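In: below: sequence and its predicted model.
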Amino acid sequence: MSEESTTPERPAVCTVLRASAPFVGKQGFSYAPAISAETTGAAAIHMQLLTIPPGGRAKAHKHEAHETAIYVISGEAAMHYGERLEQHLVSRAGDFVYIPANVPHLPYNLSSTEPCVAVISRTDPNEQESVVLLPELDAIHV
């Protein structure tokens, strides 16, 4: 391992762990964090489980200067995205989704009866620090 992967506080070690207790993020969804700066000393990545409840919808937001990669484990979700949420996509179990840094988006669960579960990874090891809520976009898609 390179010197960059170690710090005086935490030596570089490979780690196996399970997702922590879920919390409700700024976006309004339940996240169960796993890999992060806090849990493993990660310097440039965060990985967690996301559960979108049936009919659930996030608050419009973006992740400032951080990319997001998503793998949908179960269910179906959709997302409005773009400067005025003018674009739209649908993702289902087995799909991967990429969200570039600073792109406004508003994800929601397509089902009124089944949750949507996904693995999310971001280039922000502290997860919620780069979340910027965009309340001016929330009313665009009600």
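Out: Structure's in. What do you need?

In: any idea how far the residue nearest the centre of the chain is from Ala101?
Out: Computing the C-alpha centroid of the chain and ranking residues by Cα atoms, centre = their mean puts Ile120 first, at 4.6 Å. According to Cβ to Cβ, to the nearest Å, Ile120 and Ala101 sit 14 Å apart. Every residue, glycine included, has its C-beta placed from N, CA and C.

In: give me the phi and psi for the residue nearest to the centre of the chain.
Out: phi -120, psi 140 (degrees, to the nearest 10).

In: can you check Ala60 too?
Out: phi -60, psi 140.

In: quick one on the thing from earlier: so who does the residue nearest to the centre of the chain touch?
Out: By Cβ atoms under 8 Å, 6 or more residues apart in numbering, the residues touching Ile120 are Tyr31, Met47, Gln48, Leu49, Leu50, Thr68, Ala69, Ile70.

In: just the ones of the residues you listed in strands?
Out: Tyr31, Met47, Gln48, Leu49, Leu50, Thr68, Ala69, Ile70 (DSSP state E).

In: and these as TSV, adding neighbour count and pLDDT?
Out: Output for the ones in strands among the contacts of Ile120, formatted as TSV (neighbours: other Cβ atoms under 10 Å; pLDDT from 0 to 100):
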residue	neighbour count	pLDDT
Tyr31	20	87
Met47	19	94
Gln48	22	93
Leu49	18	95
Leu50	23	94
Thr68	20	94
Ala69	15	97
Ile70	20	97
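
In: Asp124: which of those residues is nearest?
Out: The nearest member of the ones in strands among the contacts of Ile120 to Asp124, counting by Cβ to Cβ, is Thr68 at 8.9 Å.

In: roughly how far apart are the closest one and Val97?
Out: The gap separating Thr68 from Val97 is 8 Å, by Cβ to Cβ.

In: for Leu49, same thing?
Out: 15 Å.

In: over to Ala43?
Out: Ala43 is 24 Å from Val97, by Cβ to Cβ.

In: so these two - more neighbours on which side?
Out: Val97 (19 against 10; other Cβ atoms under 10 Å).
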